[in-house]
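Enquirer: Task: produce atomic coordinates for the following.
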Amino acid sequence: MFFLSLYKKKVSEEVPHRKIRIKDIAEQAGVSTGTVDRVLHKRGEVSLETRKKVLRIAEKLEYKPNFVARTLASKKEFHFGVLIPDASNSNPYWEAPLKGILKAQNELQSYGVRLSIKTFSLTNIGDFAQKSSKLLELKPDGLLLAPLFYSASTKFLDKCSVLSLPVVFIDAQLKYSNHLSYIGQNSCQAGFVAGRLLGMGQADNSRFAVFNIASERDQLHHFNERDKGFREFFKEKVSNNEIISYDIHGATSARLNEILLDYQRSSAGLDGIFVTSAKSHQVAKELEKLGMNSVRLVGFDLVKQNVKYLDLEIIDFLISQQPEEQGYLGIQTLYTALALKQRVSTLKSTPVDIITKENIKQYLACK
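Expert: Next up, the predicted model:
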């Protein structure tokens, strides 16, 4: 038995499993390759008896279609629209998703994938409406969307629904009938993690401030989910902590300074701050001005300004959302679902990565 097993192993190594082709199925079924193609791809007229025979042989031979080859052979172009915020000095976060989107485009262009990328200003809802309308005029096969303006995005999705346009969401998600997938963090869970980070070692009567900072009020819906998760952490602890949330939009520096100054003058002081957006550096800057560096600060995203204050130890923790990966997976998901016609997961959660001064260099080196 010992030698027999070696012999079987040797044979299996020397004679690899042969890839089954449509021609092989046709030969065993006694039909043409065209008939097999019509059965497998569900097009054209084929008798029920022949259809059953072909499918039975295909299953027996463990036939697996080559989706990539089929895409190339069809010579069909797949046109995907992209609608995300501008990458600017005030919103550098969006440089990363765009980088991932362009990486996916570079990989898929030889398979007939073409992108139309429109970016909108986060300080101008009208710009979002204009860019979204122009994108629909291009008649894309599918759409990658960051729906940061809640009401404007909802109206836009109503138009997409009339066209039965499949949509993949990144960074935030909304309810939509032709939703393919959401790629991003669970916002509530991320807020819960932020609560744990701020609550570690703190007394039960600590004071915390939550800053929901956005360019426009219509963007706050996304950050409020993180605020909700933050509060749930302390609710589970049944503590006597004081938590006050501030929705801030527009000019932020003077308003932040005013709020922090009130805490500084108060006898109870301030123990921790949670910033629900990538604007942690704005709060850190005001803390530095007021000499309140001992206040624990947790925020989001590894934009250059945040990393600076993390290094200065004014920001204690940053939560990374892997934005480049979101952009990359967004385009790949559209391709998989629409070009390869394969089922995709409706939810692809990115991890809640906790970054500190001590691990940031290693974390960035692994990206």
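Enquirer: how about the helices of the stretch 1-150 of the chain, start to end?
Expert: Assigned by DSSP state H, counting those that start in this stretch, the helices in the stretch 1-150 of the chain fall at 2-14, 22-29, 33-40, 48-60, 67-74, 95-108, 125-137, 150-162.
Enquirer: Looking at these, which is nearest to residue 328?
Expert: With distances scored as Cβ to Cβ, the stretch of the helices of the stretch 1-150 of the chain nearest to residue 328 is helix 95-108 (3.5 Å). Glycine gets a C-beta too; all of them are placed from N, C-alpha and C.
Enquirer: Now do the closest one: everything it contacts.
Expert: 82, 84, 87, 113, 115, 117, 119, 144, 146, 170-171, 323-332, 335 (Cβ atoms under 8 Å, 6 or more residues apart in numbering).
Enquirer: what's near enough to touch the closest residue to residue 39 other than its chain neighbours?
Expert: Once flanking residues are discounted, residue 39 sits nearest to residue 54: 4.3 Å by Cβ to Cβ, 6 or more residues apart in numbering. Contacts for residue 54 (Cβ under 8 Å, 6+ apart) come out as 25, 29, 31, 35-36, 39-40, 46.
Enquirer: State the pair within these that is farthest apart.
Expert: It's 25 and 46 that sit farthest apart of the contacts of residue 54, by Cβ to Cβ, at 13.0 Å.
Enquirer: Same drill for those two, tell me which one is more crowded.
Expert: Looking at residue 25 and residue 46 with other Cβ atoms under 10 Å, you find the greater number of neighbours at residue 25, namely 25 against 18.
Enquirer: Touching, the more buried one and residue 60? I think so.
Expert: No - using Cβ atoms under 8 Å, residue 25 makes no contact with residue 60, being 9.3 Å away.
Enquirer: The contacts of helix 95-108, buried ones only, as a ChimeraX selection?
Expert: Restricted to buried positions by 16 or more other Cβ atoms under 10 Å, the ChimeraX selection for the contacts of helix 95-108 reads:
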select :82,84,113,115,119,144,146,170,171,323,324,325,326,327,328,329,330,331,332,335
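Enquirer: on that earlier part again, the helices of the stretch 1-150 of the chain: which one's closest to residue 292?
Expert: helix 95-108 (29.7 Å).
Enquirer: List the buried residues for the closest one?
Expert: For helix 95-108, using 16+ other Cβ under 10 Å, the buried residues are 96-98, 100-105, 108.
Enquirer: and it, how far from the chain's centre?
Expert: Centroid displacement of helix 95-108 relative to its chain, using Cα atoms, centre = their mean, to the nearest Å, is 13 Å.
Enquirer: quick one: average confidence on that helix?
Expert: For helix 95-108, mean pLDDT rounds to 95.
Enquirer: just to revisit the earlier point, with the contacts of residue 54 in mind, which one is nearest to residue 222?
Expert: Ranked by distance to residue 222 (Cβ to Cβ), the contacts of residue 54 are led by residue 40 at 43.5 Å.
Enquirer: Provide a list of residues in contact with the closest one.
Expert: Residue 40 neighbours (Cβ under 8 Å, 6+ apart): 22, 54, 58, 63, 65.
Enquirer: All good on my end, thank you.
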